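> this one's sequence-less:
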């Protein structure tokens, strides 16, 4: 039986907010981390998979430790992307809504810096920032970290290259006596080096059950396809998940754009997310996805960081991730807050040999997803074609005379007869296409 938050030393105002958010039972990483951050003075490394509540694990203690009577920045939380920064900012505001005078600011890149500079002229206790934007603010002397007691590195495994370049400059602004709290889903060698270089020798490491905590509730499956049928197989899967929300991960921005275009052609409710889009477009797409106005998000790994939507029922790895860490972060987008989820990886035959390596490294088990038959794929393509016709807007610029002539051609047919003829024509056209050149109806 899990302990309640009250037994971890959490104050009444925060407990009240948690109750209103229906957050009752702390996760394993929260149970282990919160008392340590409240009672001790050491640096801390927290290891837990994505989706296990790391934000509350460091956020709740920070909110409680802040002295709201002092108007200075007392804690800085560094994050790899603005999306994650916004998510953490919202979480902290929700957790701290009953703490009088608490002040939290988000200062991430991708949006104009001037309003952020103006915001920092007001009393601010906690700052959520991306490293590049924080350094920019430091260089402009727009932020004072001389009395900052806590530095949090969240999703540190996703920031290694950035931190290597920028951490020295940031740490130089902090008082010599400060606590560093590093949180990560994985612990590659580069993170171990970071810990050795920047955290106290007496650092305390805590971890949730790494084998099960982040993967609990997720079915890990893979499907083997030929390159020419890859898109058709994906479309078949998505049709079977109609009405559910999911994320499809691609390796490159070009692949994201190409797949998103195909989804749009086939009338799937979808949006694309990658680093080359303007921040305004990324924010709008994220909001549409979060609010349920679109059901499918096609994204690169980094762009999707910070997506914390409980109702994501599946994740598709359209391309096998380059690292085990990326697989953890991708699959962790589903099965959040105790829900169930599916992580489906689409493979070509030569990639199947990598599955045992992922299983051994991550302590998970993959099962094979049954590939639909050729007949089933063709039937699905016909359904997609029918949906295209149904969702096509009428062209009101066509002449009335032409419309009358076309109607005359079909006037003696019943609705059922017309549908049967259209379906027969689709099959005929598709067969002709296959005979003339070996490509599918829907472009890859």
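Looks like it arrived, so ask away. Keep in mind that this is a model prediction, so the values were computed, not measured. Residues are numbered from 1 along each chain as shown.
> SS state for residue 200?
Using DSSP: H, G, I helix; E, B strand; the rest coil, the three-state assignment for residue 200 comes out as coil.
> so what's residue 34 up against?
Residue 34 makes contact with 5, 8-10, 26, 57, 60-61, according to Cβ atoms under 8 Å, 6 or more residues apart in numbering. In this view, the C-beta of every residue, glycine as well, is placed from N, C-alpha and C.
> Go again with 10 Å.
Counting by Cβ atoms under 10 Å, 6 or more residues apart in numbering, residue 34 touches 3, 5, 7-10, 26, 56-61, 64.
> go on, residue 148?
Counting by Cβ under 10 Å, 6+ apart, residue 148 touches 72-76, 126-127, 170, 173-175, 178-179.
> per-residue confidence averaged over stretch 110-127?
Averaging pLDDT along stretch 110-127 yields 94.
> can you tell me the distance between the two ends of it?
End-to-end distance of stretch 110-127 (Cα to Cα, to the nearest Å): 16 Å.
> same thing with stretch 39-48?
For stretch 39-48, the end-to-end distance is 21 Å (Cα to Cα).
> Enumerate the positions of that stretch that are buried.
43-48 (16 or more other Cβ atoms under 10 Å).
> ok, back up a step: let me know the closest of the contacts of residue 148 to residue 157.
Nearest to residue 157, judged by Cβ to Cβ, of the contacts of residue 148 is residue 170 at 18.0 Å.
> does that closest one sit in a helix or strand, and which one?
Using DSSP states H and E, residue 170 maps to helix 160-171.
> Same check on residue 134?
Secondary structure assignment for residue 134, by DSSP H and E: helix 131-139.
> What residues of that helix count as buried?
Residues of helix 131-139 classed as buried: 131, 133-138 (neighbour count, 16+ other Cβ under 10 Å).
> any idea where the strands of the stretch 51-200 of the chain begin and end?
In the stretch 51-200 of the chain, the strands defined using DSSP state E, counting those that start in this stretch lie at 75-78, 104-107, 126-129, 150-153, 179-184.
> Can I get those strands in TSV including distance to residue 223 and mean neighbour count?
Converted to TSV, these look like this (distance: least, Cβ to Cβ, whole Å; neighbours: other Cβ atoms under 10 Å):
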stretch	distance to residue 223	mean neighbour count
strand 75-78	38	25
strand 104-107	39	23
strand 126-129	38	26
strand 150-153	36	25
strand 179-184	30	23
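> Between those strands, which one is closest to residue 98.
Of all these, strand 104-107 sits nearest to residue 98, with 13.7 Å by Cβ to Cβ.
> helices or strands next to the closest one in the packing?
The contact analysis (3 or more Cβ pairs under 10 Å, 6 or more residues apart in numbering; DSSP states H and E) places strand 104-107 against helix 54-65, strand 75-78, helix 82-95, helix 114-119, strand 126-129, helix 131-139.
> Quick one: closest of these to residue 217.
helix 54-65 (17.0 Å).
> nearest residue to residue 82 other than its sequence neighbours?
Among residues not flanking residue 82 along the chain, residue 108 sits closest, at 3.9 Å (Cβ to Cβ, 6 or more residues apart in numbering).
> ok, now residue 328?
residue 185 (5.1 Å).
> Can you name the residues that contact the residue lying closest to residue 170 once chain neighbours are set aside?
Among residues not flanking residue 170 along the chain, residue 134 sits closest, at 6.2 Å (Cβ to Cβ, 6+ apart). Neighbouring residues of residue 134 by Cβ under 10 Å, 6+ apart: 76, 78, 107-109, 127-128, 143, 145, 166, 169-170, 173.
> Go again with 7 Å.
By Cβ atoms under 7 Å, 6 or more residues apart in numbering, residue 134 lies in contact with 78, 107, 170.
> if I look at the second one, how far off is residue 266?
Distance, residue 107 to residue 266, by Cβ to Cβ, to the nearest Å: 40 Å.
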